[in-house]
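> Could you look at this predicted model? Sequence included:
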Amino acid sequence: MIVDSWKLIGRNKILFILLSLVLVAGCKGKNKNSGGDVSSGNAEQFLERFSMVETQAGKKQWELEAARAILQESEKRTKMEKIKLKFYKEDVLASVLIAEKGDINTETGDMEATGNVVFTSESEKVKIETDKLNWDNKSRKIVTDSFVKETRPGGIVTGYGLEADPDLSRSVIKREVKAQVIPQNKEKK
């Protein structure tokens with residue numbers, strides 16, 4: 001049984017290495033300077049169907065997908081288009097953020113989503129709409145100073161500035177807060 005497990009692990013490593021080589025070979029490298037020296041630190045890589053996962057103690061924290069991405073090594077940034085960011089809690093999908101564009105600091109893990117940003121939590125039944133949201137990787141919070149509209153069962157809250165947990169179980173709109181109560185439909189007997 002132990003030998004079979006090691007053979008399986010060996011096969012998985014080989015498969016991972018082969019897939020990594022295919023990914024690297026599929027990347028189009030372009031240097032910002034005309035010398036073509038990608039080791040200068042100014043290299044860019046253009047990727048289609050980019051994805052990235054962060055785990056902590058073996059548990060998935062978030063998973064990022066983008067239709068296109070440009071890796072800017074010298075700036076330690078990755079710029080993305082058509083992004084989907086999934087947050088997990090105890091390896092279970094907690095919330096999903098979609099946006100037209102995104103930017104990630106590859107050193108810190110901080111992210112910015114811009115353009116028709118919609119952030120939803122199925123378990124909390126919350127939807128946040130704005131033009132810009134940031135993920136602060138150190139504090140593990142979603143933050144913005146922009147105008148936000150938060151829709152929850154029973155009401156809509158709007159205002160400027162937001163700090164929220166990634167599963168949207170807790171959120172605070174910071175200023176110029178306006179609330180609209182929407183009565184719940186009661187079933188007639």
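Received the coordinates, thanks. Residues are numbered from 1 along each chain as shown.
> Any regions of the protein where pLDDT drops low?
Applying pLDDT under 70 to the chain flags residues 1-43, 185-189.
> now the helices: where do they sit in it?
2-26 (DSSP state H).
> Give me the residue at the spatial middle of it.
In the chain, the C-alpha nearest the mean C-alpha coordinate belongs to residue 85, at 3.0 Å (C-alpha atoms, centre = their mean).
> Pretty sure that residue sits against residue 134.
No - checked against C-beta atoms under 8 Å, the pair residue 85 and residue 134 is beyond contact range at 11.4 Å. The way it works is simple: take the backbone N, C-alpha and C, and place the C-beta from them, glycine included.
> Overlap in contacts, these two.
111, 113 (C-beta atoms under 8 Å, 6 or more residues apart in numbering).
> Check the spacing between residue 161 and residue 171 real quick.
According to C-beta to C-beta, to the nearest Å, residue 161 stands 11 Å off from residue 171.
> about what we covered before: next up, the contacts around the closest residue to the residue nearest to the centre of the chain other than its chain neighbours.
For residue 85, ignoring the flanking residues on the chain, the nearest one in space by C-beta to C-beta, 6 or more residues apart in numbering is residue 97 at 4.3 Å. Remark: with contacts taken as C-beta under 8 Å, 6+ apart, residue 97 is in contact with 83, 84, 85, 86, 87, 113, 117, 118, 119, 120, 133, 142.
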